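S.K.: Okay, predicted coordinates and the sequence, questions at the end:
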Amino acid sequence: MELQDVVSSGVLEQRELLAQGVLSAQELIEATLDGIDAAADLGAFTHVLRAEAEAEAAERDRERAAGDALGPLHGVPIAVKDEFHVAGVVTSFGTRANSTPALADAEVVRRLRAAGAIIVGKTAMPEFGQWPFTESSTFGMTHNPWDPTRSPGGSSGGSAAAVAAGLVPAALGGDGGGSIRIPSACCGLFGLKPQRGRVPIAPNEHLWWALGVAGPLTRGVLDSAVIYDVIRGATPTDRFRAPDPETSFEAAARTPARPLRIGYSTKSPTPLVKPDPLHVRAVLDTAKLLAELGHTVVEINPAYPDSTHAFFPQFYGGVRAELSELDHPELLERRTRQTVTLGAWARGPVVEWAIRRGEVVARKVDRIFTDCDLLLTPTTAIRPPLLGVLDGANTVRAQLASVPMVAYTALWNVTGHPAAALPVGVGEDGLPLSVQLVGPRNGETTILPVAAQLEQARPQPRPDR
């Protein structure tokens, strides 16, 4: 296998080749960094940690040579969205308004390193992850590897572009309204939003209060499961905590899917939003395939409750909460300053009320899963848009432009349910197609076997970049 093919392979392939001694961690990291530099026009990275990654790779090779116990990600390069602390690097949140390097890794980054992963850089996001488009005045626009004139989605768009382009096998993202699933859909990746409280947010108590979670974007289901087994498990400082699953995520992804009852619907939880015909067809084709694979698949008409009253106080309050980490708030984008002003009412008591309302919404959507094991929907309503969505847009226009992107995803942030974006081929426009599988509370291990089954039955092509 050529070295460039190794660089663009998945987590498990790289791990196996490193274990076999086909190449060293230093060779893999050097080639990875060279690939990142060569793809600078993609706009996927905000910081490339060449010296630090090279030093880590040398240490990983020393550990292997010494016969030390090795972690499940030993020597594997991983990128991190620029909202999670990496020691010695400024956490930009997609803005120029921060200048002080982080003193320590976020807990999720510490766990990746403890498992042997090598952090090669920080990936692009819009300011504070507010938008499902990865565009900012600080770092410019991130391009979609499938079509550089198109958006990779957001807010974890840099992570998605880096993985889809084969620059890294996995990248850490965050999801407060769809920000793992939306860029995964736009870039043809697998992106699981975990159950609220599954992955630690430490050193912070929360990420956008009850809305936000952290997790990887990968090309394959099993790669995602392996990383989740490394990073899952809340800490004492996390406000929200999920119970431990009965089995590991990797074991679930490797287990043949048992026949399930799967409900499907193309109805949008957001009134007046209509899905693109290609997305309707993707859901129908996937429903047909699931039936052929032995599942009972039925069309349903979910009674989606209104979640806006629970979402927006936490959205505004989450952005406001992150402002406390800034050194130079006067350098924020005009649009972000408008968000802060518009959301001045979203303070403590209002946010706490919204969190409680979210639990009411969650109990209502739980009814879907009394009759269905999983719910199949579109991931987004529209195709990946052309770049420049945020050009000249104030916060109100940006929010309106975001609605069709988050229409199917944001509800599950309010309720905390796990949900995954699965690539299901390519449309006539040459861009990826995606569907969303939503599970019951703590139902990641129900989603993963079905996602792996679909992946095996219908492998996803790669962008020609």
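M.R.: Looks like it arrived, so ask away.

S.K.: would you list every one of the strands in the stretch 301-450 of the chain?
M.R.: Using DSSP state E, counting those that start in this stretch, the strands of the stretch 301-450 of the chain run over residues 374-378, 419-426, 432-438.

S.K.: repeat for the stretch 51-200 of the chain
M.R.: Using DSSP E, counting those that start in this stretch, strands in the stretch 51-200 of the chain cover 77-81, 118-123, 135-136, 140-141, 170-175, 190-193.

S.K.: Pick the most deeply packed of the ones you listed.
M.R.: strand 190-193 (a mean of 32; mean count of other Cβ atoms under 10 Å). Using the backbone N, CA and C atoms, a C-beta is placed for each residue, glycine as well.

S.K.: now what about that one, what contacts it?
M.R.: 156, 160, 173, 175, 178, 180-181, 183-185, 213, 215-221, 223-224, 228, 409, 412-413, 418-423, 444, 447-448, 451, 455 (Cβ atoms under 8 Å, 6 or more residues apart in numbering).

S.K.: Now restrict these to buried residues only.
M.R.: Taking 16 or more other Cβ atoms under 10 Å as the criterion, what is buried in these is 156, 160, 173, 175, 178, 180-181, 183-185, 213, 215-221, 223-224, 228, 409, 412-413, 418-423, 444, 447-448, 451, 455.

S.K.: Can you check which of the strands of the stretch 301-450 of the chain gets nearest to Val11?
M.R.: Closest to Val11 of the strands of the stretch 301-450 of the chain is strand 419-426 (Cβ to Cβ; 16.4 Å).

S.K.: tell me what that closest one is packed against?
M.R.: helix 181-187, strand 190-193, helix 277-292, strand 432-438, helix 444-457 (3 or more Cβ pairs under 8 Å, 6 or more residues apart in numbering; DSSP states H and E).

S.K.: Give me the phi and psi for the closest residue to Glu54 other than its chain neighbours.
M.R.: Leaving aside its chain neighbours, Glu54 sits nearest to Ile29 (6.2 Å; criterion: Cβ to Cβ, 6 or more residues apart in numbering). Main-chain torsions, Ile29, degrees, to the nearest 10: phi -70, psi -40.

S.K.: what about Ile29, distance to Ser92?
M.R.: 23 Å (Cβ to Cβ, to the nearest Å).

S.K.: Pick out whichever of these two has more residues nearby.
M.R.: Using other Cβ atoms under 10 Å as the criterion, Ile29 and Ser92 rank with Ile29 on top: 25 against 21.

S.K.: doesn't Ala55 make contact with that one?
M.R.: No. Using Cβ atoms under 8 Å, Ile29 is not in contact with Ala55, being 9.7 Å away.

S.K.: Could you check stretch 327-335 and say which residues are buried?
M.R.: Judged by neighbour count using 16+ other Cβ under 10 Å, the buried positions of stretch 327-335 are Leu332, Glu333, Arg335.

S.K.: angle of the longest helix anywhere in the chain against strand 374-378?
M.R.: Longest among the helix segments of the chain by residue count, using DSSP state H, is helix 348-365. If you take axes from the mean of the first three to the mean of the last three Cα atoms, to 10 degrees, helix 348-365 sits at 110 degrees to strand 374-378.

S.K.: How about residues contacting helix 348-365?
M.R.: Contacts of helix 348-365 (Cβ under 8 Å, 6+ apart): 209-210, 302-307, 309-314, 317, 346, 411, 414-417, 441.

S.K.: buried residues in it?
M.R.: For helix 348-365, by 16+ other Cβ under 10 Å, it's Val350, Val351, Ala354, Ile355, Arg357, Gly358, Val361, Ala362, Lys364, Val365.

S.K.: What is the burial count for the closest residue to the third one other than its chain neighbours?
M.R.: So the one you mean is Ala354. Nearest residue to Ala354, sequence neighbours excluded (Cβ to Cβ, 6+ apart): Pro313, at 3.7 Å. Residues lying near Pro313 (other Cβ under 10 Å) number 24.

S.K.: Pull the contacting residues for Pro313.
M.R.: Contacts of Pro313 by Cβ under 8 Å, 6+ apart are Ala346, Val350, Val351, Trp353, Ala354.

S.K.: Where does the prediction get shaky in the chain?
M.R.: 1, 465 (pLDDT under 70).

S.K.: Tell me which residue of it is furthest from the middle?
M.R.: Relative to the C-alpha centroid of the chain, counting by Cα atoms, centre = their mean, Ala66 is the outermost residue, at 35.5 Å.
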